[in-house]
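Trainee: how would this look folded up:
(one chain, ligands or ions: 2)
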Amino acid sequence: MIRTKISDALKSEQLGERLLLKGWVRTRRGNKNVSFIALNDGSCIQSIQIVADIEHFGEEFLKPITTGAAIAVEGILVASQGKGQTVEIQADTIEIYGTADPDTYPLQKKGHTLEFLREIAHLRPRTNTFGAIFRIRHNMAIAIHTFFHERGFYYFHTPVITSSDCEGAGQMFQVTTLNLYDLKKDEYGVIDYERDFFGAQTALTVSGQLEGELGAMALGAIYTFGPTFRAENSNTPRHLAEFWMIEPEVAFIEIDENMQLAQDFVRYCVRWALEKCTDDVNFLCEMYDKELIDRLKFVVDNDFVRLTYTQGIEILKRAIEQGKKFDFPVDWGTDLQSEHERYLVEEHFKKPVILTDYPKEIKSFYMKQNDDGKTVRAMDVLFPKIGEIIGGSQREEDYEKLKRRAEEMNIPQKDIWWYMQTRQFGTAPHAGFGLGFERLLLFVTGMNNIRDVIPFPRTPKNATF
Ligand code: ATP
Ligand code: MN
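Mentor: Ligands and ions are numbered 1, 2, ... in the order given. Reported below is the predicted structural model:
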């Protein structure tokens, strides 16, 4: 007999049909005559109720069927008399694959805190909460590929190991096969990386953008979607050391079209979550964040407000004059903190915001320089609860200007000669941005901590599992 997924069984209207279901026991309760087993197989948030007649199975046989056990059940789909479900399974055979000793299995019925569940990340996918989150995570990945594929973007794979450190600024994880217990240095104490695996100092990438630009300048429009790594020692609820980033890059567009693309893209993903992950989103809304669905709908229904960084600073300064307190100072030329970003979004505009034209000193060398000599054509998309969800820019396409800026920022030409050649041969306007996948998931799931939207988070002092 072929196994039926519980999601399909619950939708089935074929009462009287014989089905084979397999899954993990969430709970078993009952009385002298009958046992009710809630069975979940990960295919949906709901469990199906299995009704097991005690006379038929025997009490001893049913005893090891406790929370966490894996079983197979054959039985008849019948209308349910009980509350909370329309159908259930009247079981006639049960096979026990694996038991889960109630004295040692950590996931018992009672509600566990998210902090505790992080310590048992190997088991937390079996909870309703993490089942919902990881199904949404999958769906968002599919939404992202679908969005770009429908618009003619190519999925372009950029390297995970890189020898360029133009963005990293000391936040990179080194990759080496040199023997760290016997590290050879020359007379000046310098490590000879020519003896290393790649013949050069290498690290895990912080962004696929530079290589992404090479793809866009040939294929027209590309996106990357892969893991990125940052050794920033910031223990915040919004930063991971290993996270997934989506980076579209498009030839022949400027900043305005780039902003439009970012808005269309994020809205498409949020709409997908509302339409295709309804049960899981509803569950998270009910359990964790009553305003979740309203917030998602709000983003789908409203245009993002666009203003410059300079205008943003003016608004923040005015707010301070009127008594608003921030932990960090607000000054033209410094990067905005999450509290500032959230003030603009949540309190001032009450809409997602795109800030543009940042001071060049706080942005990367490749961003297009404005005529004022002070700002670059950067754009950050700011979201309620999250702050920055997207960072992007129009790129500097002028060879001389780019070269000068790289020199000012001490980026050696020998490291980026290949990148510079896009501006020497067939240069053209182009733009792109990076969306942190887990930041999007924070928004869509309503979770507060980025550790809870990735199966096995990597953060300072934590790489278990
Ligand atoms: P932040 O200011 O929030 O630290 P950033 O300016 O360093 O972010 P970018 O270099 O612009 O980030 O990266 C693009 C996007 O990647 C960000 O908008 C954010 O969504 C995401 N991102 C950046 N750093 C992290 C991180 N450590 N963990 C998870 N997502 C991140
Ligand atoms: Mn940024």
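Trainee: going forward, measure contacts between C-alpha atoms and count neighbours the same way
Mentor: Fine.
Trainee: Identify the residues contacting the residue of the chain positioned farthest from its centre.
Mentor: In the chain, Glu55 marks the outermost C-alpha relative to the chain mean, sitting 49.2 Å out by Cα atoms, centre = their mean. Under the criterion of Cα atoms under 8 Å, 6 or more residues apart in numbering, the contact list for Glu55 reads Asn33.
Trainee: ditto for Met367
Mentor: Listed by Cα under 8 Å, 6+ apart, the contact partners of Met367 are Val376, Arg377, Ala378, Ser393, Gln394, Arg395, Glu396.
Trainee: quick one: the residue farthest from the centre of the chain from Trp272, how far?
Mentor: Applying Cα to Cα, to the nearest Å, one obtains 47 Å for the distance of Glu55 from Trp272.
Trainee: Excluding chain neighbours, what is closest to Arg124?
Mentor: Distances taken as Cα to Cα, 6 or more residues apart in numbering put Leu117 closest to Arg124, at 5.8 Å, once the chain neighbours are dropped.
Trainee: I should have written Leu114 there, sorry.
Mentor: With Cα to Cα, 6+ apart as the criterion, Leu114 has its nearest non-adjacent residue at 7.6 Å, and that residue is Asp452.
Trainee: wait, what's in contact with that neighbour?
Mentor: The contact partners of Asp452, taken as Cα under 8 Å, 6+ apart, are Leu114, Arg118, Phe130.
Trainee: gap between Arg151 and His340?
Mentor: Arg151 sits at a distance of 34 Å from His340 (criterion: Cα to Cα).
Trainee: Using CSV, write out the CA atom coordinates for stretch 386-394.
Mentor: Provided in CSV are the C-alpha atoms of stretch 386-394 (Å, rounded to 0.1, in the frame of the first residue of the first chain):
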residue,chain,number,x,y,z
ILE,A,386,13.6,44.5,11.3
GLY,A,387,15.3,47.8,10.2
GLU,A,388,17.5,47.2,7.2
ILE,A,389,16.2,44.2,5.1
ILE,A,390,17.9,45.2,1.8
GLY,A,391,21.1,47.1,1.0
GLY,A,392,21.9,48.0,-2.6
SER,A,393,23.1,50.7,-5.1
GLN,A,394,23.6,51.8,-8.6
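Trainee: Mind checking the pLDDT average for it?
Mentor: Taken as a whole, stretch 386-394 has a mean pLDDT of 95.
Trainee: Just the buried residues of it, please?
Mentor: By neighbour count on 16 or more other Cα atoms under 10 Å, the buried set for stretch 386-394 is Ile386, Gly387, Glu388, Ile389, Ile390, Gly391, Gly392, Ser393, Gln394.
Trainee: hey, what's the fifth one bridged with?
Mentor: Bridge pairing for Ile390 (DSSP bridges) gives the partners Val381, Leu435.
Trainee: before we move on, what about the last one?
Mentor: Note on Gln394: beta-bridge partners Ala431, judged by DSSP bridges.
Trainee: That one contacts Ala431, correct?
Mentor: Yes: with contacts counted by Cα atoms under 8 Å, Gln394 reaches Ala431, the gap being 4.1 Å.
Trainee: Need the overlap of contacts for those two.
Mentor: Shared contacts of Gln394 and Ala431, defined by Cα under 8 Å, 6+ apart, are found at Glu254, Ile255, Asn258.
Trainee: Which of these fall in strands?
Mentor: Secondary structure defined by DSSP state E assigns none of those to strands.
Trainee: Please indicate which of those residues are buried?
Mentor: Applying 16+ other Cα under 10 Å to the shared contacts of Gln394 and Ala431, the neighbour count classes Glu254, Ile255, Asn258 as buried.
Trainee: which of those residues are close to ligand 1?
Mentor: Judged by Cα under 6 Å from any ligand atom, the overlap between these and the neighbourhood of ligand 1 is nil.
Trainee: Out of those, flag the one nearest to ligand 1.
Mentor: Checking these against ligand 1 by Cα to the nearest ligand atom gives Asn258 as the nearest, at 14.3 Å.
Trainee: list the contacts for that closest one?
Mentor: Taking Cα under 8 Å, 6+ apart, we find Asn258 in contact with Ser393, Gln394, Ala431, Gly432, Phe433.
Trainee: Neighbour count for Arg151 and His340, which is higher?
Mentor: Each of Arg151 and His340 had its neighbours counted (other Cα atoms under 10 Å), and the higher figure belongs to His340 (20 against 9).
Trainee: give me phi/psi at the residue nearest to Leu114?
Mentor: Backbone dihedrals for Asp452, given as degrees, to the nearest 10, come out at phi -100, psi 10.
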